[in-house]
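# Prediction below, plus the sequence it came from.
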Amino acid sequence: QVQLVESGGGLVEPGGSLRLSCVASGTIFSHNAMGWYRQSPVKERELVADITTGGSTNYVDSVKGRFTISRDNAKNTVYLQMNSLKPEDTAVYYCRFVDWSRSTIYWGQGTQVTVSS
């Protein structure tokens, strides 16, 4: 089992920045990927960005150039630095952990990000 604890959400004005963190604990194998999804009342859950243990990244087009995903493998932690935030970034952001060794996906409980003036 893997447990995920997210932090860093909140309320920010348009153009502002936030940094999300997600710490994974439990039985963690090295062959994995971590990432962030988001869901709002008007959109289905979508991938925001993900990153493999080796550092390969993937972003949804709408956040490219504004968001940066990174991870600290020693701490089993993934970060999402969000800059130039827009109202349309408002959503609940969920951390996702993919354990390829056991073909299992784990989800965090979500953290609210609200971009509003």
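That came through fine.
# CA only for contacts and neighbour counts going forward, please
Noted.
# And the residue nearest in space to the middle of the chain, how far from residue 117?
For the chain, residue 36 is the residue whose C-alpha lies nearest the centre (CA atoms, centre = their mean; 2.5 Å). For residue 36, the distance to residue 117 equals 24 Å [CA to CA, to the nearest Å].
# Okay, strands next: where are they in this protein?
For the chain, applying DSSP state E gives strands covering 2-7, 10-12, 18-26, 32-40, 43-52, 57-59, 67-72, 77-82, 91-99, 104-107, 111-115.
# which of those sits most buried?
Of all these, strand 91-99 has the most neighbours on average by mean count of other CA atoms under 10 Å, namely a mean of 23.
# The residue nearest to the centre of the chain touches residue 45, doesn't it?
No - with contacts counted by CA atoms under 8 Å, residue 36 stays clear of residue 45, the gap being 10.2 Å.
# Pipe the strands of the chain into a markdown table and attach mean pLDDT per row.
Shown next, in a markdown table, are the strands of the chain (pLDDT from 0 to 100):
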| stretch | mean pLDDT |
| --- | --- |
| strand 2-7 | 95 |
| strand 10-12 | 97 |
| strand 18-26 | 96 |
| strand 32-40 | 95 |
| strand 43-52 | 95 |
| strand 57-59 | 97 |
| strand 67-72 | 97 |
| strand 77-82 | 97 |
| strand 91-99 | 96 |
| strand 104-107 | 95 |
| strand 111-115 | 97 |
